[in-house]
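Student: any chance you can model this:
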Amino acid sequence: MTDNKSNDTNSDGTGSSGLSGPPNTNNLCSQVRSTCRAWMEQQHEQQHVKINAKALRHVADRLQAHTAKQVVWDEEAWHYQPPIDWKRTIRHERIALYILALDAINFCFWPTERFEYADLASTLSRMAELDHKEQAMQPEEVCQNYLFSPASLANVTCQQMESLFAKHHPDSIVPNDMEDRCRLWNEVGKGLQQEAFGGSALRFIATAKGSAVRLVQLIFENFPGFRDCLVLPTSDQPQVQLQEGNRNSSSMIYFLKRAQICVGDLQAALSSSSSSSSQEEEQNDTQWTDMDQLTTFADYRLPQLLRHWGALEYSADLAKTVDACHTLVPGSDPEISIRAATVVAVEELVKLLSSSSSPSSYLSWTAVQVDWYLWQVGEKMDAAQELAPHHRVRTIYY
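Tutor: From the prediction side, this is the model:
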């Protein structure tokens, strides 16, 4: 890494150059943008990933052609939805707990054959339905036997999780890294049991006071397994370190894939539940004003698709490694470059789409909507074996 030359910040809170001194310590999404862009602007010994501006313009044209079609979050109906005649607060509490449990372990499916995100979401949905008969008999509070209650998440064991997946996945497939997944469920359960949240996911969400950015920060602060950021190498510390605590380090890069996708999923799932209800109740837990501040959720499907379309170009060595399905080292320059390039590329796509959209456009693209659309396209193309391999990293972060 070269030294930074400036810590100046722009009026929007993003840094003008360099990785030091994240500009807005209260806006982690801003730090994702600024540190990823700074990484791409740095002069490394080898530039592992480049963004092809012309190809990116073609990608924007593809998306622009779909502005008449609303991006649907649960297009395939994989996710949990309780009966709509249940009390709204009960439905929303159960949905929010399901989403927190889902995104706590929403990572690294590729080592397990025939197990993808759809399998995770639908298997957990079946688990969420186990206590429905009991819940229907106590309509005023969430059933204590709900599998994703904070107490259940806090105390579940690895062996119990393995048994649940084996029983409720149609082919009895248990995903990899179950010890990590169990630890992450335990963290979420214990975090929600703190006095400030009183064992309630909705109370946790309400603490954000209608701000998606604030909710990302709350997830980051209360659930350690969501802290998807790195301390970058310096002259004193040549090794890249996974970040577990202080976020004021002068050499950090942020991605926050699962923290941000959790917020996106919560907003989409709760909004969907509200729109399907005939009850006229307040909907404050779905009305967030700053969803446009979230960035893309940097994982392996989006860069795979953007590379296929020519918007991301890998160096010869990196392309050889990825195409051979060899794993990259977590926190290595190539891995950071792929993820940072994905974040920056989607930010540029949002700018291109915003500049070409008419004021009356049916869909005003945000990074979240671009992510959902590209991810859905990438999933279908990958399933049809139309894409080259994606990069592989053993990690809990994506």
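Student: burial check on residue 292, number of neighbours?
Tutor: 15 (other Cβ atoms under 10 Å). In short, each C-beta sits where N, CA and C put it, glycine included.
Student: that one contacts residue 366, doesn't it?
Tutor: Yes - between residue 292 and residue 366 there is a contact at 4.6 Å, judged by Cβ atoms under 8 Å.
Student: please, where are all the strands along this protein?
Tutor: Secondary structure of the chain, counting by DSSP state E: strands at 49-51, 229-231, 241-242, 252-254, 312-314.
Student: and those as TSV, adding mean neighbour count and mean pLDDT?
Tutor: Converted to TSV, the strands of the chain look like this (neighbours: other Cβ atoms under 10 Å; pLDDT from 0 to 100):
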stretch	mean neighbour count	mean pLDDT
strand 49-51	18	97
strand 229-231	23	95
strand 241-242	14	54
strand 252-254	24	96
strand 312-314	21	98
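Student: can you redo those as CSV with distance to residue 296?
Tutor: Shown next, in CSV, are these (distance: least, Cβ to Cβ, whole Å):
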stretch, distance to residue 296
strand 49-51, 13
strand 229-231, 15
strand 241-242, 21
strand 252-254, 13
strand 312-314, 13
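Student: my guess is residue 31 meets residue 254, correct?
Tutor: Yes - Residue 31 lies in contact with residue 254 (Cβ under 8 Å); the separation is 4.5 Å.
Student: nearest to residue 320, of the strands of the chain?
Tutor: strand 312-314 (8.9 Å; Cβ to Cβ).
Student: output the contacting helices and strands for the closest one.
Tutor: Helices and strands touching strand 312-314, by 3 or more Cβ pairs under 8 Å, 6 or more residues apart in numbering; DSSP states H and E, are strand 49-51, helix 301-308, helix 333-356.
Student: now do 6 Å
Tutor: strand 49-51 (3 or more Cβ pairs under 6 Å, 6 or more residues apart in numbering; DSSP states H and E).
Student: what residues does the strand it packs on touch?
Tutor: 312, 313, 314, 337, 338, 341, 345 (Cβ atoms under 6 Å, 6 or more residues apart in numbering).
Student: of those residues, closest to residue 153?
Tutor: Set against residue 153, the nearest of the contacts of strand 49-51 by Cβ to Cβ is residue 338 (31.6 Å).
Student: now do the contacts for the closest one.
Tutor: Counting by Cβ under 6 Å, 6+ apart, residue 338 has contacts 49, 303, 391.
Student: what's the separation between the first one and residue 298?
Tutor: Right, residue 49. 12 Å (Cβ to Cβ, to the nearest Å).
Student: next one: residue 228
Tutor: Distance of residue 228 to residue 298, computed by Cβ to Cβ: 9 Å.
Student: which neighbours do those two share?
Tutor: By Cβ under 6 Å, 6+ apart, the residues touching both residue 228 and residue 298 are 255, 257.
Student: comparing these two, which shows the higher neighbour count?
Tutor: Legend: neighbour count by other Cβ under 10 Å for residue 228 and residue 298, higher for residue 298 (29 against 25).
Student: hang on, isn't the more buried one packed against residue 340?
Tutor: No - applying Cβ atoms under 6 Å as the test, residue 298 and residue 340 come out as separate, 7.7 Å apart.
Student: so residue 253 touches residue 37, yeah?
Tutor: No - look at residue 253 against residue 37 with Cβ under 6 Å: they stay out of range, at 10.3 Å.
Student: name the nearest residue to residue 86, sequence neighbours excluded.
Tutor: If the residues on either side of it in the chain are set aside, residue 86 comes closest to residue 139, at 6.6 Å by Cβ to Cβ, 6 or more residues apart in numbering.
Student: what pLDDT is listed against the one you found?
Tutor: pLDDT for residue 139: 94.
Student: and if you look at residue 33?
Tutor: 98.
Student: neighbours around it, how many?
Tutor: 23.
Student: tell me how far it lies from residue 260.
Tutor: 11 Å.
Student: what is the burial count for residue 225?
Tutor: Quick note: residue 225 (other Cβ under 10 Å) scores 23 neighbours.
Student: ok, now residue 367?
Tutor: 24.
Student: not counting sequence-adjacent ones, nearest residue to residue 169?
Tutor: Closest to residue 169 by Cβ to Cβ, 6+ apart is residue 123, at 4.8 Å.
Student: surely the one you found and residue 170 touch.
Tutor: No - using Cβ under 6 Å, residue 123 is not in contact with residue 170, being 8.2 Å away.
Student: between these two, which one's more packed in?
Tutor: residue 123 (22 against 9).
Student: circling back to that earlier point, the residue nearest to residue 86 and residue 203: what is the separation?
Tutor: The separation that residue 139 has from residue 203, given Cβ to Cβ, amounts to 19 Å.
Student: please identify which of these two sits among more neighbours.
Tutor: The residue with more neighbours, out of residue 139 and residue 203, is residue 203; 15 against 10, by other Cβ under 10 Å.
Student: for the more buried one, which residues are in contact?
Tutor: residue 197.
Student: same question, the one 3 residues further on
Tutor: Taking Cβ under 6 Å, 6+ apart, we find residue 206 in contact with no residue.
Student: now it: how far from residue 179?
Tutor: 32 Å.
Student: please pull out the lowest mean pLDDT helix or strand from this structure.
Tutor: The helix or strand of the chain with the poorest confidence is strand 241-242; it has a mean of 54 (mean pLDDT, DSSP states H and E).
Student: just give me the neighbour total for residue 332.
Tutor: 13.
Student: and stretch 258-275, which residues are buried?
Tutor: By 16 or more other Cβ atoms under 10 Å, the buried positions in stretch 258-275 come out as 258-274.
Student: listing request: residues of the stretch 201-350 of the chain with sub-threshold pLDDT.
Tutor: The model of the stretch 201-350 of the chain has pLDDT under 70 over residues 234-250, 274-286.
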